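> need coordinates for the following:
(one chain, ligands or ions: 2)
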Amino acid sequence: MSSALSHWFSFNSWWLLLPFVMLLVVAAFIVAFVLLLYMISPLISPNPLKLNGAHVVVTGGSSGIGKCIAMECYKHGAFITLVARDEHKLVQAKKEVEKCAINDKQVVLCISVDVSKDYNQVESVIKQAQEKLGPVDMLVNCAGTSISGKFEEVEVDRFKKLMEVNYLGSVYPTRAVVTTMKERRMGRIMFVSSQAGQIGLFGYTAYSPSKFALRGLAEALQMEMKPYNIYVTVAYPPDTDTPGFAEESKTKPLETKLISETSGVCQPEQVAKIVVKDAVQGNFTSSFGPDGYMLSALTCGMSPVTSITEGLQQIVTMGLFRTIALFYLGSFDSIVRRCMIQREQSKAADKRE
Ligand SMILES: NC(=O)C1=CN([C@@H]2O[C@H](COP(=O)(O)OP(=O)(O)OC[C@H]3O[C@@H](n4cnc5c(N)ncnc54)[C@H](OP(=O)(O)O)[C@@H]3O)[C@@H](O)[C@H]2O)C=CC1
Ligand SMILES: CCCCCCCCCCCCCCCC(=O)[C@@H](N)CO
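Ligands and ions are numbered 1, 2, ... in the order given. Predicted coordinates for the structure are as follows:
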């Protein structure tokens with residue numbers, strides 16, 4: 001009896017072990033697959049761009065984030081073309097950038113043009129810059145502006161203006177450099193969007209769409225450019241302490257201020273360091289801080305990946321980040337509701353007086 005029992009027991013315990021063995025085999029396959037992905041990852045990620053001696057064109061390079069990006073590239077030995085409208089600001093910025101030189105061959109060129117108006121004009125100034133400093137290795141589209149306010153209070157022509165400056169002002173310089181980049185089979189193109197280009201926020205009905213548009217442009221363009229070894233980067237900075245930000249803050253609705261505070265305020269030098277590093281490496285997305293990281297993973301959609309790690313992180317974190325995002329959205333809605341109640345109460349009090 002006892003031997004029959006033990007026979008029965010040992011026979012069945014094998015069957016009990018089978019699922020575990022299968023699980024182990026599957027786990028081993030997954031580990032092998034991931035290892036394989038890592039082994040081929042150098043094949044899918046681009047070679048970093050050498051900034052030393054490269055020609056970098058920065059639109060909006062006379063102020064704020066753009067100026068800091070120019071300085072950061074100059075510190076790595078690049079030749080710079082600064083593009084903006086105001087000549088006086090350009091000359092001031094040129095002096096500041098020149099202080100970051102690491103050798104005496106480096107040059108800073110200034111070009112005064114409105115990037116949002118006439119394509120032919122933009123094309124001709126880019127040509128001039130290429131004649132002086134050689135073909136453009138990296139284009140940074142940072143010229144931009146912001147207007148905030150409640151949808152019905154924003155003047156109607158502002159919607160057009162923001163699309164012109166923030167969107168077309170990035171299309172034109174890009175259009176002017178890609179042909180040469182394709183011929184040379186190399187290049188980097190950066191678009192400076194915003195966290196408000198990843199989520200639509202109260203007060204940004206005119207601004208957010210102009211920054212969302214850059215993402216669409218960047219995705220489509222990247223698919224066309226990849227075989228030519230040209231890499232596109234979209235940067236999504238949070239509020240950043242610049243002259244543009246100071247100007248915007250004067251008329252920003254309270255709701256917009258309170259919601260934006262979630263992500264804090266960055267220094268333009270920090271932003272510049274990160275975006276330049278990402279563009280050099282050819283990363284499609286460039287984000288800042290923990291909120292920026294979560295937002296980018298959450299909104300990655302069908303955007304290209306530049307490293308296996310990035311893809312795996314997105315796969316693993318998406319559900320968790322969506323859960324966190326729902327709490328954020330709840331708190332934003334409550335900010336908007338509280339501000340509305342407060343306004344109505346103070347209006348009623350004014351009437352009583
Ligand atoms: N600061 C912030 O909080 C954030 C900013 N961003 C984005 O970063 C970019 C830079 O912002 P920031 O540094 O704050 O801005 P600033 O206002 O400090 O600088 C803007 C720059 O763009 C130039 N510019 C503006 N319009 C034009 C135009 N039509 N043609 C050519 N040049 C133009 C300006 O020069 P000029 O006026 O002389 O032409 C200036 O050099 C913008 O696209 C902005 O939307 C994104 C997220 C956060
Ligand atoms: C998992 C989910 C995380 C969600 C985090 C949400 C954080 C929202 C903060 C939005 C900040 C918007 C800044 C716009 C800056 C800008 O473009 C203007 N200052 C331009 O002048």
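> what's the burial count for the residue in the stretch 1-150 of the chain that ligand 2 sits nearest to?
Relative to ligand 2, the nearest point of the stretch 1-150 of the chain is S146 (3.7 Å; Cβ to the nearest ligand atom). Quick note: C-beta positions are derived from backbone N, CA and C, even for glycine. S146: 21 surrounding residues under other Cβ atoms under 10 Å.
> tell me where the model's unsure across the chain.
Applying pLDDT under 70 to the chain picks out residues 1-12, 41-43.
> ok, which stretches of it are helices?
For the chain, the helices defined by DSSP state H occupy 2-44, 64-75, 87-98, 119-133, 156-162, 169-184, 207-225, 243-249, 254-260, 268-281, 289-298, 308-352.
> which among the ones you listed is found nearest to N141?
helix 169-184 (3.9 Å; Cβ to Cβ).
> give me the buried stretch members for the closest one, please.
Within helix 169-184, the residues that count as buried by 16 or more other Cβ atoms under 10 Å are 169-174, 176-178, 180-182.
> kindly reformat the residues you listed as CSV containing distance to K160.
Listed next are the buried residues of helix 169-184 as CSV, based on distance: Cβ to Cβ, whole Å:
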residue, distance to K160
G169, 13
S170, 16
V171, 15
Y172, 16
P173, 19
T174, 20
A176, 22
V177, 25
V178, 25
T180, 31
M181, 30
K182, 31
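> and of the residues you listed, the nearest to ligand 1?
Nearest to ligand 1 among the buried residues of helix 169-184, counting by Cβ to the nearest ligand atom, is G169 at 5.4 Å.
> tell me, how many residues neighbour the closest residue to K150 other than its chain neighbours?
Counting by Cβ to Cβ, 6 or more residues apart in numbering, the nearest residue to K150 once its immediate chain neighbours are dropped is P253, at 6.4 Å. By other Cβ under 10 Å, 17 other residues sit near P253.
> list the contacts for the residue sitting nearest the centre point of the chain?
With the centre of the chain defined as its mean C-alpha position, the nearest residue by Cα atoms, centre = their mean is A235, 1.6 Å away. Neighbouring residues of A235 by Cβ atoms under 8 Å, 6 or more residues apart in numbering: 190-193, 271, 274-275, 278, 286-287.
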